[in-house]
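**Q** 3D, please:
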Amino acid sequence: MGKRSTQNTKSGRAMNPADQARKEARRRELKKNKKQRLVVREAVIKAKDPKKVIEELERLDQMEYNINEAPPLPDHVLLERRRRLLGNFNRCLSLYEKDDKTTYNDLKKMLAQYHRKHDDLRKYYDSVKRAQSVTVDDIPLPIAMPDDGKIRASMTAGHLSSLR
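**A** Numbers count the residues shown, from 1 in each chain. Predicted coordinates for the structure are as follows:
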């Protein structure tokens with residue numbers, strides 16, 4: 001939104017002085033409201049507990065990657081919730097980055113730990129689901145080697161003890 005002069009109208013004509021005053025008052029009010037909204041947003045972010053956000057993310061992971069039962073919510077809902085929670089956590093993180101460096105570092109470690117757990121859980125879930133979809137006939141078996149007397153002769157007790 002561009003900033004237009006308070007002296008002229010859209011067509012370029014001179015503006016009524018009462019309208020000019022109204023327009024200036026409206027601009028000042030919007031500027032004040034913007035500052036108030038920022039203060040309110042910051043207060044809401046400060047009220048959120050980042051540890052609870054991480055716990056909620058872990059709960060979502062348990063729902064989504066549960067091997068025994070299907071997730072109770074559709075995938076797009078889980079993804080949207082995860083995106084929203086990560087956004088909240090990142091806003092908390094940026095707030096603590098300005099105010100408290102030690103808490104910021106702790107939260108960064110907590111987020112990295114969550115991502116590692118999430119990746120491990122997802123890999124495990126994917127491997128189990130792949131294993132469930134494989135039939136026994138699809139698994140290649142080793143080829144039996146012929147029973148050769150030369151192999152047995154070379155594996156004497158003295159030769160085996162040298163391998164240990």
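**Q** same question for stretch 123-133, mean pLDDT?
**A** The predicted model gives stretch 123-133 an average pLDDT of 89.
**Q** stretch 15-25 too?
**A** Here the mean pLDDT over stretch 15-25 is 89, rounded to a whole number.
**Q** can you give me the buried ones in that stretch?
**A** Burial within stretch 15-25, assessed by neighbour count using 16 or more other CB atoms under 10 Å, is assigned to Lys23. For glycine as for every other residue, the C-beta is placed from the backbone atoms N, C-alpha and C.
**Q** now do that stretch: distance to the chain's middle.
**A** Its chain's average C-alpha position is 48 Å from that of stretch 15-25, according to CA atoms, centre = their mean, to the nearest Å.
**Q** alpha carbons of that stretch, in PDB - could you do that?
**A** This file holds the C-alpha atoms of stretch 15-25, laid out as PDB (Å, rounded to 0.1, in the frame of the first residue of the first chain):
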ATOM      1  CA  MET A  15      -8.500  18.200  -0.800                       C
ATOM      2  CA  ASN A  16     -10.900  19.800   1.600                       C
ATOM      3  CA  PRO A  17      -9.100  20.800   4.800                       C
ATOM      4  CA  ALA A  18     -11.600  18.800   7.000                       C
ATOM      5  CA  ASP A  19     -10.900  15.700   4.900                       C
ATOM      6  CA  GLN A  20      -7.200  16.400   5.200                       C
ATOM      7  CA  ALA A  21      -7.400  16.400   9.000                       C
ATOM      8  CA  ARG A  22      -9.500  13.200   9.000                       C
ATOM      9  CA  LYS A  23      -7.000  11.500   6.800                       C
ATOM     10  CA  GLU A  24      -4.100  12.500   9.000                       C
ATOM     11  CA  ALA A  25      -5.900  11.400  12.100                       C
END
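**Q** this structure: strands as residue ranges?
**A** The residue ranges that make up strands in the chain, judged by DSSP state E, are empty, as it has none.
**Q** with adjacent residues omitted, what lies nearest to the residue nearest in space to the middle of it?
**A** Ranked by distance to the mean C-alpha position of the chain (CA atoms, centre = their mean), the top residue is Leu86 at 5.0 Å. Setting aside the residues directly before and after it, Leu86 is nearest to Leu57 in space (CB to CB, 6 or more residues apart in numbering), at 7.2 Å.
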